[in-house]
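# Using only what follows, build the 3D model:
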Amino acid sequence: MDINNGSDENPGTKDLPFKTITWALNFTSFGDTIYIAQGTYSPSSGETFPIAMKDQVKLKGGYAPGFVSRNLIDNQTILDAEQTTRILRFEMTSPGTELEALIIENGKNPDYWGAGIQSNDSSFIMKYCTIRNNSGGEYGAGLYCQRSNIVLENCIFTDNYGTTCGGAIYAWSSGITMTNCLVSNNSANINGGISFSYKCTPVVTNCLFINNVGTNGYGGALSFYRTTALVSNCVFVGNSSSGAGAIYTEWEALPTIRYSNFYNNNPFLAYNAFTGSSGDTSNFNAWGWDGTGCREIPPLFHDEGSGDYHLQPNSPLIDSGDPLYSGYLLNGYWETVPGIPDIFPVDMGYHYPYIPVP
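Numbering: from 1, shown residues only. Prediction:
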């Protein structure tokens with residue numbers, strides 16, 4: 001795929017690529033991969049939205065023209081709906097369906113659910129994707145999912161706005177595994193960052209939640225409703241809502257929060273609807289939230305004002321993560337301090353690539 005140099009009259013080969021993703025999907029079957037060259041795929045450039053994902057198909061961006069090399073920073077692949085409609089829709093896809101190295105931006109919700117991405121009864125993986133500047137609708141401006149199983153690795157959700165609930169993500173009866181994701185500057189009327197509702201089973205590891213806002217209540221960063229969850233090695237900074245700045249629970253929600261840091265979340269850190277009380281990390285154990293290894297100290301980012309969330313060499317978050325963690329962030333390819341790969345024990349919070357992603 002090459003929006004700048006391709007044509008939908010081409011055969012869709014490396015030398016003669018198609019122009020648009022929607023057209024290319026007509027020729028795919030189980031197990032196929034569509035390689036997408038840099039550029040902005042938008043209505044103005046000929047792309048059609050929303051894009052309906054096909055089962056067991058992978059979309060991979062980040063390629064230079066001619067597909068001679070791949071660099072996710074230099075060769076940005078942007079899906080831009082120009083605020084006309086939703087960008088991507090998943091319907092009954094199964095494991096093996098994948099998005100990788102795509103920027104998904106400027107979607108507009110045509111109904112109630114999902115301006116950037118909508119998922120119904122689906123399973124898929126997203127890696128190295130940025131979901132930004134999507135807006136409108138009732139639930140999940142960045143991503144809406146119901147009865148789905150989704151893996152999110154090394155993704156960024158930023159500057160999404162939902163009119164009702166879940167600026168970044170709204171999940172209903174879904175299994176969500178989030179590892180090393182950045183959730184920043186999202187907002188909604190309630191639950192500014194992520195809302196996990198009704199029998200969700202999220203596992204959230206090494207994520208940074210920063211400056212998310214629930215303008216009229218519930219949680220600024222995370223909200224749980226009738227949900228079990230595991231949150232570990234995460235960092236919550238500057239989130240706000242009249243309900244609770246960082247974490248809000250209601251109706252039989254019972255999260256496990258371990259080895260996470262909270263700083264400057266307003267007006268208070270957490271609210272437990274079961275007990276009808278607000279509190280901080282000192283309440284976690286009594287509430288049944290565990291609370292092992294949780295802290296409330298300045299994270300000492302490298303340059304928070306410019307959006308650089310690397311850690312300073314003297315940050316208290318270094319080596320302060322879960323001592324049982326043995327995931328891929330310790331494979332020598334990831335860093336929190338510039339130029340120094342993270343090694344055991346794992347650092348809290350979001351990690352940057354130490355070497356370029358292939």
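# The closest residue in space to Pro50 that isn't next to it in sequence: which element?
Excluding its sequence neighbours, the residue lying closest to Pro50 (CB to CB, 6 or more residues apart in numbering) is Arg86, at 4.3 Å. C-beta coordinates here come from the backbone N, C-alpha and C atoms, glycine included. Under the criterion of DSSP states H and E, Arg86 resides outside all helices and strands.
# Run a quick neighbour tally on the closest residue to Tyr128 other than its chain neighbours.
Spatially, and ignoring its direct neighbours in sequence, Tyr128 is nearest to Ala101 (4.6 Å; CB to CB, 6+ apart). Ala101: 24 surrounding residues under other CB atoms under 10 Å.
# Test my guess that Ala101 contacts Met126.
No: when contacts are counted by CB atoms under 8 Å, Ala101 is not listed as touching Met126 (9.9 Å).
# that older thread, now do the same contact list for the residue nearest to Tyr128.
Residues in contact with Ala101 (CB atoms under 8 Å, 6 or more residues apart in numbering) are Lys60, Gly61, Gly62, Leu72, Thr77, Lys127, Tyr128, Cys129, Val357.
# Lowest-confidence one in the residues you listed?
Among the contacts of Ala101, Val357 has the lowest pLDDT, at 69.
# What distance do you get for Val346 to Ile176?
According to CB to CB, to the nearest Å, Val346 and Ile176 sit 21 Å apart.
# more crowded one of the two?
Legend: neighbour count by other CB under 10 Å for Val346 and Ile176, higher for Val346 (27 against 21).
# which one is that one nearest to, not counting chain neighbours?
Distances taken as CB to CB, 6+ apart place Gly321 nearest to Val346, at 3.8 Å, with adjacent residues excluded.
# Equivalent analysis for Met348, please.
Going by CB to CB, 6+ apart, Met348 has Leu317 as its nearest residue, at 4.0 Å.
# quick one: that neighbour and Tyr309 touch, right?
No: counting by CB under 8 Å, Leu317 does not reach Tyr309; the two are 10.4 Å apart.
# between the two, what contacts are shared?
Gly349.
# When these two are compared, which one has more neighbours?
Leu317 (24 against 21).
# what about the more buried one, which helix or strand?
Going by DSSP H and E, Leu317 is not in any helix or strand.
# wait, what's in contact with it?
Listed by CB under 8 Å, 6+ apart, the contact set of Leu317 reads Val235, Asn261, Pro299, Leu300, Leu311, Thr336, Asp347, Met348, Gly349.
# number of nearby residues for Cys294?
Cys294, neighbours per other CB under 10 Å, totals 22.
# picking up where we left off before, hang on, the residue nearest to Val346 is in a helix, isn't it?
No: with DSSP: H, G, I helix; E, B strand; the rest coil as the criterion, Gly321 is coil rather than part of a helix.
# Surely it and Asp347 touch.
Yes: with contact defined as CB under 8 Å, Gly321 and Asp347 form a contacting pair (5.8 Å).
# who touches both of the two?
Shared contacts of Gly321 and Asp347, defined by CB under 8 Å, 6+ apart, comprise Asn233.
# How far away from the center of its chain is the helix or strand bottoming out on mean pLDDT in the chain?
In the chain, no helix or strand scores lower on mean pLDDT, DSSP states H and E than strand 161-165, which sits at a mean of 90. Strand 161-165 has its C-alpha centroid displaced from the chain centroid by 16 Å (CA atoms, centre = their mean, to the nearest Å).
# what packs against it?
strand 187-190 (3 or more CB pairs under 8 Å, 6 or more residues apart in numbering; DSSP states H and E).
# can you list contacts of the strand it packs on?
Contacts of strand 187-190 (CB under 8 Å, 6+ apart): 141, 160-167, 212-219, 223, 241, 243.
# if we go to 10 Å?
Residues from elsewhere that reach strand 187-190 (CB atoms under 10 Å, 6 or more residues apart in numbering): 135, 138-141, 159-168, 170, 193-195, 211-220, 223, 240-243, 248.
# Repeat that for stretch 276-287.
By CB under 10 Å, 6+ apart, stretch 276-287 touches 243-249, 254-258, 260-262, 265, 267-272, 274-275, 289-296.
# Extract the CA atoms of that stretch and return them as CSV.
Written as CSV, here are the backbone C-alpha positions of stretch 276-287 (Å, rounded to 0.1, in the frame of the first residue of the first chain):
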residue,chain,number,x,y,z
GLY,A,276,-18.7,5.0,50.1
SER,A,277,-15.3,6.5,50.9
SER,A,278,-12.4,8.3,49.3
GLY,A,279,-8.8,7.6,50.1
ASP,A,280,-5.2,7.0,49.0
THR,A,281,-2.8,4.1,48.9
SER,A,282,-3.0,3.6,52.6
ASN,A,283,-6.6,2.5,52.2
PHE,A,284,-5.9,-0.1,49.4
ASN,A,285,-5.3,-3.1,51.6
ALA,A,286,-8.3,-2.5,53.8
TRP,A,287,-10.5,-2.1,50.6
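# list the buried ones in it?
By 16 or more other CB atoms under 10 Å, the buried positions in stretch 276-287 come out as Ser278, Gly279, Thr281, Asn283, Phe284, Trp287.
# Kindly report the same for stretch 74-90.
Buried residues in stretch 74-90 (16+ other CB under 10 Å): 75-82, 84, 86-90.
# Repeat that for stretch 54-69.
Lys54, Asp55, Gln56, Val57, Lys58, Leu59, Lys60, Gly61, Gly62, Tyr63, Phe67.
# before we move on, what about stretch 20-35?
Thr20, Ile21, Thr22, Trp23, Ala24, Leu25, Thr28, Ile34, Tyr35.
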